[in-house]
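**Q** sequence unknown, structure follows:
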């Protein structure tokens, strides 16, 4: 949004943008210099070496939702983004650009999309999505669920995946910027409860996302590390 450029101390200052204070606030890109004088100015004057400022444009987040409930397809209309984080409003997350999500019950869900660009700038768009498949409809069984504990963790956590039937899964760990922290782990899951150890001893404090791809479903589980 802005950056402050400050000169070394002197009696007077003249920046190339016209400011006459010791520090100037920059909001547009370019090369900036400052000329300073003291009370006993020496003969000969000159400007400082230039400081180059680059302004990175913000991405713009946007999306639409459509489909046959309870399965909803999200169309990403964002611009300037390189990675994405969806919060479907029911505790499920995704980093896909255009995800499809199946909801488990009838209600109104507040869905948010965070868009990141290469410079780390973000923008967020949120919309309400109403899921109503009719009175008396049973909750949708998506085939598997995942939870992690303890959360936050200090040195180790357990990722528990409960399966209706066995399947192959791919598990990945990302930080808040979408950078992959650990290489993908291919895991054979059995019917019932599967417990997978997650080593957090080398991770810095903060929020991370465990991405699980199993069958046609893609889910994210939030994991906090606090030491």
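**A** Arrived safely, thanks for sending. Small disclaimer: the values here were computed from a predicted structure and weren't measured.
**Q** what's the first-to-last distance across stretch 97-105?
**A** End-to-end span of stretch 97-105 (C-alpha to C-alpha, to the nearest Å): 24 Å.
**Q** For that stretch, buried residues please.
**A** Using 16 or more other C-beta atoms under 10 Å as the test for burial, stretch 97-105 gives 99, 101-104. C-beta here means a position set from N, CA and C on the backbone, and glycine is covered the same way.
**Q** Then stretch 67-80?
**A** Residues 69-70, 72, 74, 76, 78, 80 are the ones in stretch 67-80 that count as buried (16+ other C-beta under 10 Å).
**Q** what helix or strand does the nearest residue to residue 210 once chain neighbours are set aside sit in?
**A** Closest residue to residue 210 apart from its sequence neighbours, by C-beta to C-beta, 6 or more residues apart in numbering: residue 221 at 4.5 Å. Using DSSP states H and E, residue 221 sits in strand 217-225.
**Q** So which other helices or strands are in contact with that strand?
**A** strand 93-94, strand 144-149, strand 206-214 (3 or more C-beta pairs under 8 Å, 6 or more residues apart in numbering; DSSP states H and E).
**Q** Tell me where this structure is predicted with low confidence.
**A** 41-46, 133-142 (pLDDT under 70).
**Q** ok so, going back, just tell me which of the helices and strands packed on strand 217-225 ends up closest to residue 161.
**A** strand 144-149 (4.8 Å; C-beta to C-beta).
**Q** Quick one: work out the angle between whichever helix or strand comes after that closest one and strand 144-149.
**A** Following strand 144-149 in sequence order, the next helix or strand is strand 156-163 (DSSP H and E). Put simply, strand 156-163 runs at 160 degrees to strand 144-149, going by axes from the mean of the first three to the mean of the last three C-alpha atoms, to 10 degrees.
**Q** which of the residues in the next helix or strand after strand 156-163 are buried?
**A** Sequence order places strand 167-175 as the next helix or strand after strand 156-163, per DSSP H and E. Neighbour counts over strand 167-175 (16+ other C-beta under 10 Å) mark 167, 169, 171-174 as buried.
**Q** Tell me the one of those nearest residue 202?
**A** Looking across the buried residues of strand 167-175 and measuring by C-beta to C-beta, the closest to residue 202 is residue 173, at 11.3 Å.
**Q** Good, wrapping up.
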